[in-house]
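Colleague: 3D, please:
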Amino acid sequence: MIEVGKYYILNPDRFYFSIDLQRTVKLINPVIVKLTHTSTLGVLFGSLVDVGILIDIDTNNEIEFKEDDILGEYELKNTPSMVNCYMDFNGLFT
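Modeller: Numbers count the residues shown, from 1 in each chain. All right, here's what the predicted structure looks like:
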């Protein structure tokens, strides 16, 4: 059963309606969304996730899709401690 607030993998071989662009678009895989709300007509709405190497980022780009577009659940990569390890030592050694 699908739940609002969870992350899902969508079928990359389908076209989706982008709310922000007001256009039907085909996205390059992987297509990951966070389910934001559902309608009584069977239309689902979710925000796209920018999939990264160490961390995934929720975006404000919303698309609409149907339940049969969902391939499975997705576990968000959220390891900010690895991302925050960068330091700039340039000013220390001058």
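Colleague: Okay, strands next: where are they in the protein?
Modeller: 7-10, 15-18, 23-26, 31-38, 43-50, 57-66, 70-73 (DSSP state E).
Colleague: any chance of those in TSV, plus mean neighbour count, distance to M1 and mean pLDDT?
Modeller: Quick note: C-beta positions are derived from backbone N, CA and C, even for glycine. Shown next, in TSV, are the strands of the chain (neighbours: other CB atoms under 10 Å; distance: least, CB to CB, whole Å; pLDDT from 0 to 100):
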stretch	mean neighbour count	distance to M1	mean pLDDT
strand 7-10	20	12	97
strand 15-18	16	22	97
strand 23-26	10	27	96
strand 31-38	18	11	96
strand 43-50	18	13	96
strand 57-66	16	15	95
strand 70-73	12	11	97
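Colleague: is it true that D56 touches S47?
Modeller: No - judged on CB atoms under 8 Å, D56 makes no contact with S47 at a distance of 11.7 Å.
Colleague: Show the contacting residues for the nearest residue to R14 once chain neighbours are set aside.
Modeller: Nearest in space to R14, with sequence neighbours left out and distances taken as CB to CB, 6 or more residues apart in numbering, is D69 at 5.7 Å. D69 sits next to L10, N11, R14, Y16 when contact means CB atoms under 8 Å, 6 or more residues apart in numbering.
Colleague: Report how many residues lie close to the second one.
Modeller: Using other CB atoms under 10 Å as the criterion, N11 is surrounded by 14 other residues.
Colleague: for L27, same thing?
Modeller: Neighbours of L27 under the rule other CB under 10 Å: 19.
Colleague: Give me the pLDDT value at it.
Modeller: Looking at L27, its pLDDT stands at 93.
Colleague: Quick check: phi and psi at it.
Modeller: phi -100, psi 150 (degrees, to the nearest 10).
Colleague: wait, isn't it in contact with P12?
Modeller: Yes - L27 is within contact range of P12, at 6.3 Å (criterion: CB under 8 Å).
Colleague: In the sheet, which residues pair with T38? Tell me.
Modeller: Counting by DSSP bridges, T38 is bridged to L44.
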